[in-house]
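> Based on what follows, work out the 3D shape:
(one chain, ligands or ions: 2)
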Amino acid sequence: MADGLLIAKGSEEHFLLPRMANRHGLIAGATGTGKTVTLRVMAENFSHIGVPVFMADVKGDLSGIARPGQANPKINERIEKLGLEGFEYAAFPTVFWDVFGEQGHPVRTTVFDMGPILMSRLLNLNEIQSGVLTMVFKIADDIFRFTDENDRPLRDLKDLHAMLQYVGDNAAQFKTQYGNVSAASVGAIQRGLLVLEEQGGDKFFGDPPLDLDDLIQTRDGRGVINILAADKLINAPKLYATFLLWFLSELFERLPEIGDPDKPKLVFFFDEAHLLFNDAPKVLLEKIEQVIRLIRSKGVGVYFVTQNPLDVPDVVLGQLGNRVQHALRAFTPRDQEAVKAAAKTFRQSKDFDVQAAITELGVGEALVSLLNEKGQPNVVDRALVLPPQSQLPPLTPPERDGIVKQSTLFGHYEKVIDRESAYEMLKARAPGVGQGQAQSAGWQAGAGKLLGALGTSAARAIGSQVGREIIRGVLGSIFGSTTRRRR
Ligand SMILES: Nc1ncnc2c1ncn2[C@@H]1O[C@H](COP(=O)(O)OP(=O)(O)OP(=O)(O)O)[C@@H](O)[C@H]1O
Ligand SMILES: [Mg+2]
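Ligands and ions are numbered 1, 2, ... in the order given. The predicted structure follows:
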């Protein structure tokens, strides 16, 4: 896989090297300067060499990738200018996904797999409330210890509601083993759940959950391009950012360590990346930095797309090796700061003034610095990005629908399943779970009976010593979700 992927041409040709593609990247620039087209050109090239891609489509302008482009004067001009002999229009194998299940296959996970850290972010919890939520996860894992490693006690939001209520109602019994659960914290978490449900977040939790193998696919040697509809999702920016972060953490946890491969296993484009970092608490930022750093050796390349490179924290920015900087405006002092900062991130050229160039670039033109074979950034060059091979305008809804329905995945994720989990089990144990004090008295006896029904490993878990060991799964991995395999 020595051949590089031709992305742009300036004073020389700029190749994205497949071997360096897991060293991440950045596509930055003001609105309308060509970021999405650059992302698309990269995605097409990855697909060509059999690398699957995942991207969120924030503006609904990516679906045309499933159809070949058509000649038009602007594109022709660019082809000519760049001297691209043998340029061909092409369509790419595309799979559409949608959290809301409207414009693609539904994407779901379980509450348990989301883990307490990301769940806290979704629910807008403070540190204390987040601690209580973590406790609720632990308790669920302890008392519903399934014999099947792949099972999850907390699957949908209903399970979390029921479990919270249960822990709240029986706070006194849990206190010595787990810690204090205040009614105020439980109330705050429940309010957070209501807000999340109003944003449509309930759609995201349940069964069947997304199987990552369904994303990492090739068709006739080409990498599948997975497009997540995000035009609606972006209206709840935290949900959007947390969802993508969950996705990264899933990749991180489930893919094996492979070092530096000849080409990535998957490339992930994170559009509107600044949303990931907006008022993120320090713990979260640290985790993000960690995931980005470590996911490289799992063969995943992460490309952030954002208007302003200053939106990305330095520790993360420093890890983005392949860079395409489109034009920035320099109207306000903050703009000018951004231009200066962006210019400083490049290995300077003797041939031109990088800082001045950033404000002069035309649409589809950029300052490009990709990694060479040694993993060093090339000297920055002013270059024109290639035109896309696929159709620029989006698909019509019937065209898109056709692709969704013809997919081999169609039917699997569309069918919602309500699996037996905490909600059902708590309900079965005692009619009227969640009705407060009346229930708490018989808790130990009731739980004993329930656990008996769940098998011996579950019954053992009630003993505090054993219980502690079992939580390792819940706390062991990066966002607090488990490392156990599902299904
Ligand atoms: N490499 C290119 N080849 C041909 N046309 C291009 C190229 N880059 C940009 N264009 C043209 O410029 C338009 C705007 O580009 P694009 O949508 O990529 O901007 P953007 O930076 O993503 O904007 P926004 O921030 O609003 O999402 C495209 O629709 C296309 O017509
Ligand atoms: Mg765009």
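
> who in this structure is up against ligand 1?
Residues of the chain lying close to ligand 1 by C-beta under 6 Å from any ligand atom are 29, 31-37, 59, 75, 78, 363-364, 385, 387, 392. No exception for glycine: its C-beta is placed from N, CA and C like everyone else's.

> try it again with 8 Å
Residues of the chain that fall close to ligand 1, judged by C-beta under 8 Å from any ligand atom: 29-41, 58-59, 61, 74-75, 78, 305, 307, 326, 363-364, 384-388, 392.

> Out of these, list just those in strands.
Cross-referencing the residues of the chain next to ligand 1 against strands under DSSP state E gives 305, 384-385.

> Out of those, the closest to ligand 1 would be?
Of all these, ligand 1 sits closest to residue 385, with 3.8 Å by C-beta to the nearest ligand atom.

> follow-up on the earlier one: export the ones in strands among the residues of the chain next to ligand 1 to a markdown table and tack on pLDDT, distance to ligand 2 and neighbour count?
Conversion of these to a markdown table gives the following (pLDDT from 0 to 100; distance: C-beta to the ion, whole Å; neighbours: other C-beta atoms under 10 Å):
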| residue | pLDDT | distance to ligand 2 | neighbour count |
| --- | --- | --- | --- |
| 305 | 96 | 7 | 23 |
| 384 | 98 | 18 | 19 |
| 385 | 98 | 13 | 27 |
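
> Where does the prediction get shaky in the stretch 101-250 of the chain?
Applying pLDDT under 70 to the stretch 101-250 of the chain picks out residues 145-150.

> now with 50?
In the predicted model, the stretch 101-250 of the chain carries no residue with pLDDT under 50.

> circling back to that earlier point, would you list the buried entries among the residues of the chain next to ligand 1?
The neighbour-count criterion (16 or more other C-beta atoms under 10 Å) marks 29-30, 33-41, 58, 75, 78, 305, 307, 326, 364, 384-388, 392 among the residues of the chain next to ligand 1 as buried.

> Okay, and which of the residues of the chain next to ligand 1 map to helices?
Judged by DSSP state H, these include 35-41, 74-75, 78 as members of helices.

> near ligand 2 too, which of those?
35-36 (C-beta under 5 Å from the ion).

> any idea which of the ones in helices among the residues of the chain next to ligand 1 is closest to ligand 2?
Set against ligand 2, the nearest of these by C-beta to the ion is residue 36 (3.2 Å).

> Leaving out the residues flanking it, which one is nearest to the closest one?
Using C-beta to C-beta, 6 or more residues apart in numbering and skipping residues adjacent in sequence, the residue nearest residue 36 is residue 61, 5.9 Å away.

> what's the spacing between the one you found and ligand 2?
6 Å (C-beta to the ion, to the nearest Å).

> Let me know whether that residue touches residue 394 as I believe.
Yes: the pair residue 61 and residue 394 passes the contact test of C-beta atoms under 8 Å, sitting 5.8 Å apart.

> which ones are touching whichever residue of the stretch 301-450 of the chain sits closest to ligand 1?
With C-beta to the nearest ligand atom, the shortest gap between the stretch 301-450 of the chain and ligand 1 falls at residue 364, namely 3.0 Å. Counting by C-beta atoms under 8 Å, 6 or more residues apart in numbering, residue 364 touches 33-34, 37-38, 78, 384-385, 387.

> same thing but 6 Å
For residue 364, the set of contacting residues under the criterion of C-beta atoms under 6 Å, 6 or more residues apart in numbering consists of 34, 385.

> With residue 21 instead?
By C-beta under 6 Å, 6+ apart, the contact list for residue 21 reads 264, 301.

> would it count as being in a strand?
No: if the criterion is DSSP: H, G, I helix; E, B strand; the rest coil, then residue 21 is helix and not within a strand.

> Off-centre distance for stretch 254-262?
The gap between where stretch 254-262 is centred and where its chain is centred comes out at 18 Å by C-alpha atoms, centre = their mean, to the nearest Å.

> what's the answer for stretch 136-146, then?
Mean C-alpha position of stretch 136-146 versus that of the full chain (C-alpha atoms, centre = their mean) differs by 26 Å.

> Could you report the distance from residue 206 to residue 383?
Applying C-beta to C-beta, to the nearest Å, one obtains 46 Å for the distance of residue 206 from residue 383.

> same question, residue 152
Counting by C-beta to C-beta, the separation of residue 152 from residue 383 is 48 Å.

> When these two are compared, which one has more neighbours?
More neighbours surround residue 152 than the other of residue 152 and residue 383, with 26 against 23 (other C-beta atoms under 10 Å).

> hang on, isn't that one packed against residue 112?
Yes: between residue 152 and residue 112 a contact is recorded at 4.1 Å, counting by C-beta atoms under 6 Å.

> how far away is residue 342 from residue 368?
As for residue 342, its distance to residue 368 is 13 Å (criterion: C-beta to C-beta).

> Looking at these two, which has the bigger crowd around it?
Neighbour totals were compared for residue 342 and residue 368, and residue 368 leads with 26 against 22 (other C-beta under 10 Å).

> any idea which helix or strand carries that one?
strand 365-369 (DSSP states H and E).

> Show the residue spans covered by the strands in the stretch 251-400 of the chain.
Assigned by DSSP state E, counting those that start in this stretch, the strands in the stretch 251-400 of the chain fall at 266-270, 300-306, 322-325, 365-369, 381-385.

> Let me see the contact set for the residue most central in space within the chain.
Taking C-alpha atoms, centre = their mean as the criterion, residue 244 is the residue nearest the geometric centre of the chain, at 2.0 Å. Going by C-beta under 6 Å, 6+ apart, residue 244 touches residue 270.

> rerun that using 10 Å as the cut-off
Neighbour list for residue 244: 54-56, 228, 230, 233, 268-273, 275-276, 302 [criterion: C-beta atoms under 10 Å, 6 or more residues apart in numbering].

> re the thing from before, JSON lines for the ones in strands among the residues of the chain next to ligand 1, including distance to residue 6?
Compiled in JSON lines, those are given as follows (distance: C-beta to C-beta, whole Å):
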{"residue": "305", "distance to residue 6": "20"}
{"residue": "384", "distance to residue 6": "12"}
{"residue": "385", "distance to residue 6": "10"}
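
> Spatially, which residue comes closest to residue 84, not counting chain neighbours?
The nearest residue in space to residue 84 (C-beta to C-beta, 6+ apart) is residue 386, at 6.9 Å.

> pretty sure that neighbour contacts residue 10?
No: counting by C-beta atoms under 10 Å, no contact exists between residue 386 and residue 10, whose distance comes to 11.7 Å.

> shared neighbours of these two, which are they?
The overlap between the contact sets of residue 386 and residue 10 (C-beta under 10 Å, 6+ apart) consists of residue 82.

> And the strands in the stretch 51-200 of the chain?
Ranges of strands within the stretch 51-200 of the chain are 53-57, 94-98, 105-106, based on DSSP E, counting those that start in this stretch.

> among those strands, which is the most enclosed?
Mean neighbour count, computed with mean count of other C-beta atoms under 10 Å, is highest for strand 53-57 among those, reaching a mean of 26.

> Give me the angle between that one and strand 94-98.
50 degrees (axes from the mean of the first three to the mean of the last three C-alpha atoms, to 10 degrees).

> between strand 53-57 and strand 300-306, what angle do the directions make?
If you take the same axes, to 10 degrees, strand 53-57 sits at 20 degrees to strand 300-306.

> taking the mean pLDDT, what do you get for strand 53-57?
Model confidence over strand 53-57 averages 97 on the pLDDT scale.

> quick one: strands adjacent to it?
When sheet partners are counted by DSSP bridges, strand 53-57 sits next to strand 225-229 (parallel), strand 266-270 (parallel).
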